[in-house]
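Peer 1: Build me a model from this:
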Amino acid sequence: MQHVSPVREPLVTSGKTYHDVTQDICYQVEAAPNVRWMGALAVSLVLLGVFFYSVYRTLWYGIGEWGLNKTIGWAWDITNFVWWVGIGHAGTLISAVLLLFRQKWRSSINRAAEAMTIFAVICAAMFPVLHMGRPWLAFYVFPLQNTLGSLWANFNSPLLWDVFAISTYFTVSLVFWYTGLVPDFATIRDRAKGKIAKVSYSLLSMGWTGSAKHWSRYETVSLILAGVSTPLVLSVHTIVSMDFATSVVPGWHTTIFPPYFVAGAIFSGFAMVLTLMLITRVVFKLEDYITLEHIALMNKIMMTTGSIVGVAYITEFFIAWYSQVEYEQYCFINRATGPYWWAYASMMTCNVITPQLVWFRRVRYSIMLTFILSIIVNIGMWFERFVIIVSSLHRDYLPSSWAMFSPTRIDVGVYVGTIGLFFTLFLLFAKFFPVINMAEVKTILKYTVNDGPTYGGTNDGSQSAGRRVSPAPYSTPGVPASAPVNYDKHD
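Peer 2: As a prediction, the model looks like this:
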């Protein structure tokens, strides 16, 4: 008795061939920039100008330009730092964890997610350096030789752990990202017509020929890097949470922070991936590669991690009540009912209530609703970090030292400027590098026999359109002629 498994929704639609994949993705690199890309870059460059001006004011006049005071020594700077590190989490998760679990739907989105990780970590690293006040002394955090006197690095401090964790995360993510780009660089090199483009992509492709030995080493290195990267997904934001959890400040000193921060990081990271993918999908007309099925799957992960974050919020209140520590209890009551109640309400609405809309299929498969939802989640996750940091500091043990924090225009300028830096880097990447992994997308193009659903189809999630009749199956000894067979289709 023979059983034929049902064919799932196609991950690449409109009946694309290998040649079509190469043509569609290389076109974005080879063609002149379109108007939409130029407009987006212009806006990003304006925001980048705000960033440079704000950094200049910070370096020239000191961090007194920010709204910090003696009570609240951390505010927007560390809020933004944790927010950017969290956004960088989804890239490694999609690349490494989903690769180890053989999830083929990652193929169309992993390249942009990896790039997002690199650029988000760059933006995050800006804030601790600026917060030093004297960034030219940043080398003190590294364990250098004692030729300059005593060793300044304090290995007991989680702030030093941050340096090692984030630098390792950045390095591994960069190598992983570049390794995946090498085969595609070689494809663009072979198609290049201009001398500068040919030389540039020849250097970037590192002599790739596509031989069996090259592919074997490529897959081996990818698997090793995925194995190395997977624990980094958990460790990096766990160590970031230790900056708070190892203190004795009410609202911070809790063991729930490591898993809570990791879930929140994946939550915000997937929200940013959705934001970028939906924009890229429209700007570069990649609807056949970033399908509704990709969007629905990412929505499900975002909803799951959002629910975990919601449970963590409730658990924090329970722990504060169960501890019977009046300072801890007051901290959480103050968050919900004190002067910053509006930030707490925004956090709960954006992160707990709104993601539950994804339970509805219509929301899950809606482009516009998903885009709005991803923006709301990113706003909510920023408010979460703001609530954790500022509301725990502004009222401490002594009422005489209570204070309020109000951001200055330089605070806002640095934050908005990093958004401009991030999108400038991402837009340049999307123009000069293939935004989708051509080599991996080609591995998921498959046929079925007896005119069943193929990788063809419309982009509305239906299985009725785009069916193709496959060629007659080859006669294989011991295999029925009607058995489903996958065929390789060459240009």
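Peer 1: ok, and what's touching the lowest-mean-pLDDT helix or strand in the chain?
Peer 2: Lowest on mean pLDDT, DSSP states H and E among the helices and strands of the chain sits helix 89-92, with a mean of 79. For helix 89-92, contacts defined as Cβ atoms under 8 Å, 6 or more residues apart in numbering pick out 110, 113-118, 120, 169, 172-173, 176, 229, 232-233, 236-237, 262, 265-266, 268-270, 272-273. Every C-beta, even on glycine, is put in place using the N, C-alpha and C of the backbone.
Peer 1: okay, and for the stretch 51-200 of the chain, where does confidence drop off?
Peer 2: The stretch 51-200 of the chain contains residues with pLDDT under 70 at 145-152.
Peer 1: could you pull out the strands for it?
Peer 2: Counting by DSSP state E, counting those that start in this stretch, the stretch 51-200 of the chain has no strands to list.
Peer 1: all helices of it, in order?
Peer 2: With DSSP state H, counting those that start in this stretch, the ranges of helices along the stretch 51-200 of the chain come out as 76-87, 89-92, 98-100, 110-131, 158-191, 195-205.
Peer 1: again, but for the stretch 301-450 of the chain
Peer 2: All helices of the stretch 301-450 of the chain, identified by DSSP H, counting those that start in this stretch, fall at 326-337, 341-348, 361-364, 367-393, 409-432, 438-442.
Peer 1: could you dump those to JSON lines with distance to residue 300, mean pLDDT and mean neighbour count?
Peer 2: Putting those into JSON lines (distance: least, Cβ to Cβ, whole Å; pLDDT from 0 to 100; neighbours: other Cβ atoms under 10 Å) gives the following:
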{"stretch": "helix 326-337", "distance to residue 300": "30", "mean pLDDT": "90", "mean neighbour count": "16"}
{"stretch": "helix 341-348", "distance to residue 300": "22", "mean pLDDT": "93", "mean neighbour count": "17"}
{"stretch": "helix 361-364", "distance to residue 300": "7", "mean pLDDT": "90", "mean neighbour count": "14"}
{"stretch": "helix 367-393", "distance to residue 300": "11", "mean pLDDT": "92", "mean neighbour count": "21"}
{"stretch": "helix 409-432", "distance to residue 300": "24", "mean pLDDT": "92", "mean neighbour count": "20"}
{"stretch": "helix 438-442", "distance to residue 300": "21", "mean pLDDT": "87", "mean neighbour count": "20"}
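Peer 1: closest one to residue 246 among these?
Peer 2: When the helices of the stretch 301-450 of the chain are compared by Cβ to Cβ, helix 367-393 sits nearest residue 246, at 13.9 Å.
Peer 1: Output the contacting helices and strands for the closest one.
Peer 2: Helix 367-393 sits against helix 76-87, helix 257-283, helix 292-323, helix 326-337, helix 341-348, helix 361-364, with contacts defined as 3 or more Cβ pairs under 8 Å, 6 or more residues apart in numbering; DSSP states H and E.
Peer 1: and if we set it to 7 Å?
Peer 2: Packed against helix 367-393 by the contact rule (3 or more Cβ pairs under 7 Å, 6 or more residues apart in numbering; DSSP states H and E) you find helix 76-87, helix 257-283, helix 292-323, helix 326-337, helix 341-348.
Peer 1: most neighbours per residue, which of those?
Peer 2: Greatest average neighbour count among those goes to helix 76-87 (a mean of 26), per mean count of other Cβ atoms under 10 Å.
Peer 1: Compute the inter-axis angle for that helix and helix 257-283.
Peer 2: With axes from the mean of the first three to the mean of the last three Cα atoms, to 10 degrees applied, the angle from helix 76-87 to helix 257-283 works out at 70 degrees.
Peer 1: got a list of contacts for helix 76-87?
Peer 2: Residues outside helix 76-87 that contact it (Cβ atoms under 7 Å, 6 or more residues apart in numbering): 66, 120-121, 123-124, 127-128, 130-131, 166, 236-237, 240, 264-265, 268-269, 272, 381-382, 385-386, 389, 407, 411, 415, 418.
Peer 1: if we can go back for a sec, please dump the helices and strands packed on helix 367-393 into TSV; it should also carry distance to residue 10 for every row.
Peer 2: Output for those, formatted as TSV (distance: least, Cβ to Cβ, whole Å):
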stretch	distance to residue 10
helix 76-87	30
helix 257-283	16
helix 292-323	8
helix 326-337	46
helix 341-348	38
